[in-house]
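**Student:** please work out how this folds:
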Amino acid sequence: MANTFEDYTVSTSTTDFNITFEYLEDSHVVVEIDGVLQATSAYSIIAGSPNLVRLNTPATTGMKVRVRRDSNADSDNPFVDFVNGSVLTESELDKAYRHNLYLNEEIGNLNERSLQKEVGGNNWDTKNLRLINVADPVGAQDAATKNYVDTADALKVTKAGDTMSGALAMGANKITGVADPTLVQDAATKTYVDTQIVNTVSGSSTESVKTTFTGDGSTAFTFGSGISLDGDTMYEVAIDGVLQEPTVAYVINADANTITFTSTPPTGSNIVVVQRGYAIPVTTGTVSTAQIDNSAVDSNKLASNAVTTAKIADGNITAAKLDSTAKDRSIHTGTQTASTISDFDTEVSNNASVAANTAKVTNATHTGDVTGSTALTIANNAVTGAKISSTDTEFNVNTNVGIGAVASGDYKLEVVGDMAAAGAGNKKVISHSTDSLGYLEMHSGGQAVDQKTCRLVPFSGKLQLSWVADDGGAGVVVQMDQATGNWEPNADNAQDLGSASKRWDDVYSTGGINGSDRNLKEDIQDLDEAEKRVAVACKSLVKKYRLKSAVEKKGDAARTHVGVIAQELQAAFEAEGLDPFKYSMVCRDTWYEKEIDGSVDVKNVPTEGYQEVTQMSVRYTELLAFIISAL
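**Tutor:** You can find the predicted model right below:
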């Protein structure tokens, strides 16, 4: 059967690959790289002898490239469509035949290379080929990849011996057949441990054992029989009659049954080792303090007359050496002076832990500004500013205070920076009230004259927020009408809400009303032709956009707005020879900024160290009316 594809394994960077099979159209030639079908835009067909597939991006070393034919078996769009009454040409009949032939060849090639059952059996035959791109198994009978098996195998302990990288949980099972240990970290059998414990606790009646060696130029010597003591001080060691210092001149290893000298004994020297440990059982000898664990000796281990003061070294009995019975103060007798009790004074001061001794405690009578015996009374005018704490959190007065009558029926409280220099510019807070008028003033020294005083005043049915300068100038910023509850400026058409540099974000309301009474207007005229042309141009200036501040805060969630660009609106006016700033729909504001302590300070006039900022804006109510005029 004719081949319908060609496979290439790339050995060096390559773009061109031969087409070794016949095909009807260029679109029937497809390319796969490492099993991935490539888009037709990734390569082109080059006519020649033979024809070529040319990749836009070269295939690199190790890639597997397959160039194959796919003759498009789309039944809804036949390659050749015969029509009743049409002339059957040789060319069309050949195309139809070859198309069917190529489709069958492609199916045959695909069938030959597909996985099939063995001849006469029910098993799948891979024909000595590997299965690749196999997923990790899930079910018990799933095929497993080499990586899956190797990974699982690496987690198992090898029977011939292995090294553990984590804890081995035995699940309450025993480890059996363990040999006696020879190294410090070896596991030990129960018999080995029991023997060591018995020898350590009970001692041994075995007589001392002497072992001799002859210096042979080495530092280590092995005992002929096993030794059971692993402490250098359990042995006496001499070389040619000279006693050696334990732990300094030699080291004894009872597990390896060896003695190792720090310096090599002379060749031919007589080395004598005498084992002295366990000659007398511990139970019949003297136990030193260092051999007794803390809290090991309780009252059950002591005879009633065993421990006397003569048997206790000064400072040897501490709280750690006493059990709970010995510490119990209820069994103690005798007296103790108050000066020797560490917490006596503290408990007396607490008063709750020490019962009152009525014979020792009486209610003394107090005189002066505070009088009384049981219930104490503070005299009028007794507490002055000097008596008030400057750090108290409930009533904190950290400057001088003046309290007194200003006039008949008037009272005020002043907190000032310095009572000796209590001028208007030094006052920090003033609270002032009378029968007919009450207000709250806040002063701040060191400010401009017209910024020194802020006043909140209920006046004539209105709550007014105003400033009052020391030079007598005053102005109401905003006020609330008691009768209507409306907030309003003090004067008509005189104040703005916000500014060019400090704008409100969103303003929620049910509507906005602009004054449009004819009596409020003058110079009323129709738009001229130039203005109408600008209005027409403005209609095409409407665009959609997103605000930078919203994108910085919300990212892709920032919403789209519709409007015009102020600079483009300016250009439209100027294109007709008109000054855009003579029209109220185009605005341009300039101010001066400087960052101070993480925030931006704004000035309305040029100031040294401040940067000029200019920003344009649009009045949309004016603009929309302007655009409507051109419709």
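
**Student:** list the contacts of A256.
**Tutor:** Counting by CB atoms under 8 Å, 6 or more residues apart in numbering, A256 touches T182, T222. C-betas here are computed from N, CA, C, even on glycine.

**Student:** that one is in what secondary structure piece?
**Tutor:** Using DSSP states H and E, A256 sits in no helix or strand.

**Student:** for A530, same thing?
**Tutor:** Per DSSP H and E: helix 529-539 holds A530.

**Student:** the residue positioned nearest the centre of the chain and A254, how far apart?
**Tutor:** Nearest to the geometric centre of the chain sits K553, at 20.4 Å (CA atoms, centre = their mean). According to CB to CB, to the nearest Å, K553 and A254 sit 76 Å apart.

**Student:** and the gap between Y102 and L24?
**Tutor:** Per CB to CB, Y102 is found 7 Å from L24.

**Student:** the two - which one has more neighbours?
**Tutor:** Y102 (23 against 16; other CB atoms under 10 Å).

**Student:** residues contacting the closest residue to the more buried one other than its chain neighbours?
**Tutor:** Nearest non-adjacent residue to Y102, counting by CB to CB, 6 or more residues apart in numbering: S71, 4.4 Å away. The contact partners of S71, by CB under 8 Å, 6+ apart, come to Y23, L24, H28, F79, H99, Y102, L103, E106.

**Student:** let's see that with 7 Å instead.
**Tutor:** L24, H28, H99, Y102, L103, E106 (CB atoms under 7 Å, 6 or more residues apart in numbering).

**Student:** where does K594 land in three-state SS?
**Tutor:** With DSSP: H, G, I helix; E, B strand; the rest coil as the basis, K594 sits in strand.

**Student:** do I have it right that it meets V602?
**Tutor:** No: using CB atoms under 7 Å, K594 makes no contact with V602, being 8.4 Å away.

**Student:** so, low pLDDT: which residues of the stretch 301-450 of the chain?
**Tutor:** Residue ranges of the stretch 301-450 of the chain with pLDDT under 70: 303-328, 330, 349-364, 385-386, 389-450.

**Student:** only the buried residues of the longest helix along the chain, if you could.
**Tutor:** When the chain is parsed with DSSP state H, its longest helix is helix 90-112. Neighbour-count burial for helix 90-112, counted by 16 or more other CB atoms under 10 Å, picks out A96, R98, H99, Y102, L103, E105, E106, N109.

**Student:** the residue nearest to Y102 in helix, strand or coil?
**Tutor:** Classification of S71 using three-state DSSP returns coil.

**Student:** relative to L110, how far out is it?
**Tutor:** 12 Å.

**Student:** quick one: the strands in the stretch 51-200 of the chain?
**Tutor:** Remark: strands assigned in the stretch 51-200 of the chain by DSSP state E, counting those that start in this stretch are 52-59, 64-69, 116-117, 124-125.

**Student:** quick one: mean pLDDT over the second one.
**Tutor:** Think strand 64-69. The predicted model assigns strand 64-69 a mean pLDDT of 94.

**Student:** ditto for the longest one
**Tutor:** Strand 52-59 shows an average pLDDT of 96 in the prediction.

**Student:** export stretch 241-250 to PDB, keeping only CA atoms.
**Tutor:** The C-alpha trace of stretch 241-250 is given here as PDB (Å, rounded to 0.1, in the frame of the first residue of the first chain):
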ATOM      1  CA  GLY A 241      54.600   0.300  85.900                       C
ATOM      2  CA  VAL A 242      53.600   4.000  85.200                       C
ATOM      3  CA  LEU A 243      49.900   4.600  86.000                       C
ATOM      4  CA  GLN A 244      48.100   6.300  83.100                       C
ATOM      5  CA  GLU A 245      45.500   9.100  83.500                       C
ATOM      6  CA  PRO A 246      41.900   7.900  82.600                       C
ATOM      7  CA  THR A 247      40.100   9.700  79.700                       C
ATOM      8  CA  VAL A 248      43.400  11.600  78.900                       C
ATOM      9  CA  ALA A 249      45.900   8.900  78.200                       C
ATOM     10  CA  TYR A 250      43.400   6.300  76.900                       C
END
